[in-house]
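S.K.: Quick one: sequence plus predicted model below, questions after.
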Amino acid sequence: MDRRGCNLVLLLVDQRLAVKIIERLRKRGVNSSLLEFPKVDIIITDSKAVASMKSKEGKKVILVSNEDYEGKVELFLLQLRGKMLYNELLVGVDPGENIGFIIIGDGEIIEWATYNVVDRLMNRLENIILYYPYRNCVIRVGNRGRNAEKILDEIVNLMSKIRALGRIIVEVVDESKTRRTFHPSIRGLPKDVTSALIIAYRKGIEVRCK
């Protein structure tokens, strides 16, 4: 993949993983964003042998797996900007019947979705917490909706399971006050995701996780 002197090479044994990575790159707007960056040679591979060999050649290498490839795509995009981590991930959850979900990295919307099953939300959230490159993460959950208590309990349980990651804060947001909050990226998002975005930017009350 070559865009105005920026070269990304995929050296993957697992071709199904290659398809997933290419699709993820497209979703993250890689074709347009690469136009803005100077020449960077980065290799993405699922082979430890290839990673070792190319690193010795002085190449920038990102080793990926089926579990962490989405986070490694984020690492690639960060490296294009001369960074290795998001300083802050904001995660907003609107716990209505249709659950709104959004992730914001250093002010940029990374992804959004709606879920009708709490387990699917939690699987996605766990993957992000474990594999995305970030310094700090704040997860904010609205306090209204039939799923609010269940989602909060599930998040607290998840934090207990991965308690070694001390960079994560969980907050409950009073949704009666979120109507006063505005963010220009709201336009064009589904209603439930818009609510999640507003929640993500609203300071809440911290929940202590064991």
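M.R.: Sure, I can see it. Numbering: from 1, shown residues only.
S.K.: Is residue 200 in contact with residue 141, as I believe?
M.R.: No. Using Cβ atoms under 8 Å as the test, residue 200 is too far from residue 141 to be in contact (9.9 Å). The C-beta positions use only the backbone N, C-alpha and C, and glycine is treated the same way.
S.K.: show me where pLDDT drops low in the chain?
M.R.: Across the chain, the ranges flagged by pLDDT under 70 are 1-6, 31-40, 163-166, 177-187, 210.
S.K.: Let me see the residues that make contact with the strand or helix carrying residue 160.
M.R.: Following DSSP states H and E, one finds residue 160 within helix 148-161. Applying Cβ atoms under 8 Å, 6 or more residues apart in numbering, the contact partners of helix 148-161 are 93, 95, 99, 118, 121-122, 125-126, 129, 139, 141-142, 168, 170, 172, 207, 209-210.
S.K.: what residue of this structure is the furthest out?
M.R.: Computed with Cα atoms, centre = their mean, the maximum C-alpha offset from the centroid of the chain is found at residue 57, amounting to 30.6 Å.
S.K.: Could you measure from it over to residue 41?
M.R.: Separation of residue 57 from residue 41 (Cβ to Cβ, to the nearest Å): 10 Å.
S.K.: now swap in residue 29 and tell me
M.R.: Computed as Cβ to Cβ, the residue 29 to residue 41 distance reads 21 Å.
S.K.: burial of residue 11, as a residue count?
M.R.: Residue 11 has 15 neighbouring residues, counting by other Cβ atoms under 10 Å.
S.K.: For it, which non-adjacent residue is closest in space?
M.R.: Nearest residue to residue 11 in three dimensions, chain neighbours excluded: residue 45, at 4.3 Å (Cβ to Cβ, 6 or more residues apart in numbering).
S.K.: Contacts only, for the one you found.
M.R.: 10, 11, 12, 51, 54, 61, 62, 63, 64.
S.K.: What count of nearby residues applies to the closest residue in space to the first one that isn't next to it in sequence?
M.R.: Just to be clear, that refers to residue 10. Spatial nearest neighbour of residue 10, excluding adjacent residues (Cβ to Cβ, 6+ apart): residue 44 at 5.3 Å. Using other Cβ under 10 Å as the criterion, residue 44 is surrounded by 25 other residues.
S.K.: partners of residue 44 in the sheet?
M.R.: Taking DSSP bridges as the rule, residue 44 bridges to residue 10, residue 62.
S.K.: if we can go back for a sec, return the members of the contacts of residue 45 classed as buried.
M.R.: Those of these that meet the buried threshold are 10, 12, 51, 54, 61, 62, 63, 64, by 16 or more other Cβ atoms under 10 Å.
S.K.: Throw those into a markdown table and include distance to residue 191, thanks.
M.R.: Formatted as a markdown table, the buried ones among the contacts of residue 45 follow (distance: Cβ to Cβ, whole Å):
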| residue | distance to residue 191 |
| --- | --- |
| 10 | 37 |
| 12 | 38 |
| 51 | 44 |
| 54 | 46 |
| 61 | 42 |
| 62 | 36 |
| 63 | 39 |
| 64 | 35 |
